[in-house]
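Asker: with the sequence up front, the predicted model follows.
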Amino acid sequence: DKMKAGHIGEIYQTMPDGRRYIYALPAMNNLQREATFSVLEGTGDLSAGTAPFSAANDKMKNEVNKKDDFFQMTLNPAHAYAYLLTSVLSPDYVDVTGDGPTEDDIGNYTRFNYTCPEASYRWISPYSVDGSLANYHPGNLSDKNDDKASYIVGSKELWYVSTIESKNQIAEFYISKRADARGTIAPVFRSTDELDMAKVSDQTLKDPISTEAGYSYKLDSIVVYVKNDRFTNGANAVPLKTVIFQYDYELCPGVPNNFSEEGKLTLKKVYTKNGSSKISLLNPYEFKYDGGNAGYSLANKDRWGSFKPLEANPSSPSQLAIYDFPYTGQDKAAADAYVSNWHLTEITLPSGGKLAIEYESDDYSYVQDKRAMEMRMIAGVGNTAAFNPTDELYTEPTDINTYVYIKRDKVRESGVLTLAQNYLDGDNLLYFSFRVDIGNKDKFEHIKGYAMVETIGVCPDNDDYLYVKIKGEKAGTNSSKIIHPISLAALNYAKLSL
């Protein structure tokens, strides 16, 4: 589980002007374990996307689902997760004595030195300090025996810059433990895993940490000296410049890897000091984050991975979970407000000037040659243009509810376009995602597909809603029976997946 002779040890980059960048310090991931396993129905939390388990045995805390009892595990041996920059050499640089960048060499260089305060920092995703949470994969909601959970855990080195040197100057970096970004105490592998234990040099990785979870570190200050003064006078050397960083844990309160129940490390002020003078400490750089400070939630994100609070989802007739409606809202003001969460909004300069920063959400208009469309919540289905919504696809066995009711977005409708142009861009295909109880078990599967549009119009008795009449589908190649297109999609789903 350590770096082997055949591994890449250095990356050497030559720039067009002759400068050379040397990345000669591989930061190692010591060992990594990925596991997927069966869990019991109902023990996972769909709204949070997690399931409880024990990292010591890859099982639910109560009982393994014995009908499926699926288990899959992958162990990845030591590998570099980053190659750190160790030196920058000028085009005319010559290493005179062959001992790397030093003062006796010809030409110029910048050398980066590192310290490794955590040689075996244990990390896990999703995070829990004791390895008690896994990502929850419910599978088919109609099948109680196919629920799965997965997690990934590993041990890695944490390297931080300690000094940066040139021929004449040296910058020293001072770090300290931070309250957030803590590691896990969970074991990385088990003694029952199928691997050659003799090849694992750190046998303690199979046991939970008995003391405390590992720490990440923050940068407290940078002190720049004349190199000769620093090496000659030691602690009495006078720095050229000192930069001091001040933090708190304001942003994203409730993040689980901060054991003080605060948020993430947040830069608040940067002080600079020239020489031994302290006058510039009166006027630091100050940072504000007023774009929003939502609490931590693993599940509150849309399909793009951007922050989306639960209240952004439709709440009528009932609040939809992010899992059920992960689509991006089209309210521009709300989207801009969501994307501003936890972001820097103002910098106050030592001169008293201020930089104001505003954010807007990403947007796009086309997917290749097709206009980008929007997923809208349906109000129900029915069998007439009048607004009479129900959640039943059939009123009677032969009476199909092919009218789909949708609340209009009157503010964004264009008066020069028809209703079909506003909502369908003139297309006759409608993409749908319906929650359908396939097996009459009160378990609703997400059934997706396309339906042909016959007509679209405003509901005559309620102009806040529109209807889209979709075309029925033949029940089979040799059948003249017409069934609901969503029923057909649900039957095909059941045939292929259940």
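Answerer: Nice, I can see it. From a predicted model like this one, the values you see are computed outputs, not experimental measurements. Numbering: from 1, shown residues only.
Asker: all strands of the stretch 201-350 of the chain, in order?
Answerer: Using DSSP state E, counting those that start in this stretch, the strands of the stretch 201-350 of the chain run over residues 217-226, 241-251, 264-274, 285-288, 346-348.
Asker: which other helices and strands does the third one contact?
Answerer: Where contact means 3 or more C-beta pairs under 8 Å, 6 or more residues apart in numbering; DSSP states H and E, strand 264-274 is packed against strand 241-251, strand 285-288. From N, CA and C alone the C-beta is placed, and that goes for glycine too.
Asker: CSV for the strands of the stretch 201-350 of the chain, including distance to Phe112?
Answerer: Listed next are these as CSV, based on distance: least, C-beta to C-beta, whole Å:
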stretch, distance to Phe112
strand 217-226, 13
strand 241-251, 17
strand 264-274, 21
strand 285-288, 25
strand 346-348, 27
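Asker: could I get the helices and strands packed on strand 264-274 as CSV with distance to Asp99, mean pLDDT and mean neighbour count?
Answerer: Shown next, in CSV, are the helices and strands packed on strand 264-274 (distance: least, C-beta to C-beta, whole Å; pLDDT from 0 to 100; neighbours: other C-beta atoms under 10 Å):
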stretch, distance to Asp99, mean pLDDT, mean neighbour count
strand 241-251, 29, 97, 17
strand 285-288, 39, 97, 16
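Asker: what's the closest of those strands to Ile447?
Answerer: Closest approach to Ile447 among the helices and strands packed on strand 264-274 is made by strand 241-251 (39.4 Å; C-beta to C-beta).
Asker: closest to Tyr338 out of the helices and strands packed on strand 264-274?
Answerer: When the helices and strands packed on strand 264-274 are ranked by proximity to Tyr338 (C-beta to C-beta), strand 241-251 comes first, at 14.7 Å.
Asker: middle-most residue in the chain, spatially?
Answerer: Gly305 (6.0 Å; C-alpha atoms, centre = their mean).
Asker: in which helix or strand would I find Phe434?
Answerer: strand 429-437 (DSSP states H and E).
Asker: that strand: which residues count as buried?
Answerer: For strand 429-437, burial by neighbour count (16 or more other C-beta atoms under 10 Å) applies to 430, 432, 434, 436.
Asker: could you redo the residues you listed as TSV and give each row distance to Thr242?
Answerer: Shown next, in TSV, are those (distance: C-beta to C-beta, whole Å):
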residue	distance to Thr242
Leu430	64
Phe432	62
Phe434	63
Val436	65
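Asker: quick check: angle from the longest helix along the chain to strand 429-437?
Answerer: Secondary structure assigned by DSSP state H gives helix 485-497 as the longest helix of the chain. In terms of direction (axes from the mean of the first three to the mean of the last three C-alpha atoms, to 10 degrees), helix 485-497 departs from strand 429-437 by 60 degrees.
Asker: so how far is helix 485-497 off the chain centroid?
Answerer: Per C-alpha atoms, centre = their mean, to the nearest Å, the displacement of helix 485-497 from the mean C-alpha position of its chain is 32 Å.
Asker: kindly reformat the buried residues of strand 429-437 as a markdown table containing distance to Leu158 and pLDDT.
Answerer: Output for the buried residues of strand 429-437, formatted as a markdown table (distance: C-beta to C-beta, whole Å; pLDDT from 0 to 100):
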| residue | distance to Leu158 | pLDDT |
| --- | --- | --- |
| Leu430 | 51 | 92 |
| Phe432 | 48 | 94 |
| Phe434 | 48 | 93 |
| Val436 | 49 | 92 |
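Asker: in the stretch 201-350 of the chain, where is pLDDT below threshold?
Answerer: Within the stretch 201-350 of the chain, the ranges that satisfy pLDDT under 70 run 201, 316-317.
Asker: then the stretch 351-498 of the chain?
Answerer: For the stretch 351-498 of the chain (pLDDT under 70), the answer is none.
Asker: and the strands in it?
Answerer: 354-356, 366-367, 370-371, 378-382, 394-396, 399-400, 403-407, 429-437, 444-458, 465-470, 473-474, 482-483.
Asker: looking at the ones you listed, which is nearest to Lys167?
Answerer: Evaluated with C-beta to C-beta, the strands of the stretch 351-498 of the chain place strand 354-356 nearest to Lys167, the distance being 35.2 Å.
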